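what follows is a predicted protein model with its sequence.
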Amino acid sequence: MITSINPATEERLADFEPLSPDRVDEVVAAVHDAQRAWRLLSVEERARPMRRLADLLRTRVQRDGALITSEMGKP
């Protein structure tokens, strides 16, 4: 188990199950396959999912910012 801890308070923030070496290999292979398809897309086709990702990140900025800050041990 991998535990994320706020170093300032020692509060446990989250626990993560580590990936096995075989699972890491599967994920890396999937990323390579996706990249092969991605490079064939036009700039316009690539922009659509990137815009959706940007929209999603904007909706989570407060939550994600607070989590990142706590993981760094900042008040």
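Received the coordinates, thanks.

helices along this structure, start to end?
21-38, 43-59, 61-71 (DSSP state H).

CA atoms only for the second one - export them in PDB, please.
Output of helix 43-59 as PDB, limited to C-alpha atoms (Å, rounded to 0.1, in the frame of the first residue of the first chain):
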ATOM      1  CA  VAL A  43      -4.400  19.400 -34.800                       C
ATOM      2  CA  GLU A  44      -8.200  20.000 -34.700                       C
ATOM      3  CA  GLU A  45      -8.900  16.400 -33.800                       C
ATOM      4  CA  ARG A  46      -6.300  16.500 -31.000                       C
ATOM      5  CA  ALA A  47      -7.700  19.800 -29.700                       C
ATOM      6  CA  ARG A  48     -11.200  18.500 -29.000                       C
ATOM      7  CA  PRO A  49     -10.200  16.100 -26.200                       C
ATOM      8  CA  MET A  50      -7.600  18.600 -24.900                       C
ATOM      9  CA  ARG A  51     -10.300  21.200 -24.500                       C
ATOM     10  CA  ARG A  52     -12.500  18.700 -22.700                       C
ATOM     11  CA  LEU A  53      -9.700  17.900 -20.400                       C
ATOM     12  CA  ALA A  54      -9.100  21.600 -19.700                       C
ATOM     13  CA  ASP A  55     -12.800  22.100 -18.900                       C
ATOM     14  CA  LEU A  56     -12.600  19.200 -16.500                       C
ATOM     15  CA  LEU A  57      -9.500  20.500 -14.800                       C
ATOM     16  CA  ARG A  58     -11.100  23.900 -14.400                       C
ATOM     17  CA  THR A  59     -14.100  22.300 -12.500                       C
END
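
ok, back up a step: ok, which of the helices of the chain comes nearest T3?
helix 61-71 (11.1 Å; C-beta to C-beta). Backbone N, C-alpha and C define where each C-beta goes, glycine included.

just the mean pLDDT for that closest one, thanks.
Taken as a whole, helix 61-71 carries a mean pLDDT of 89.
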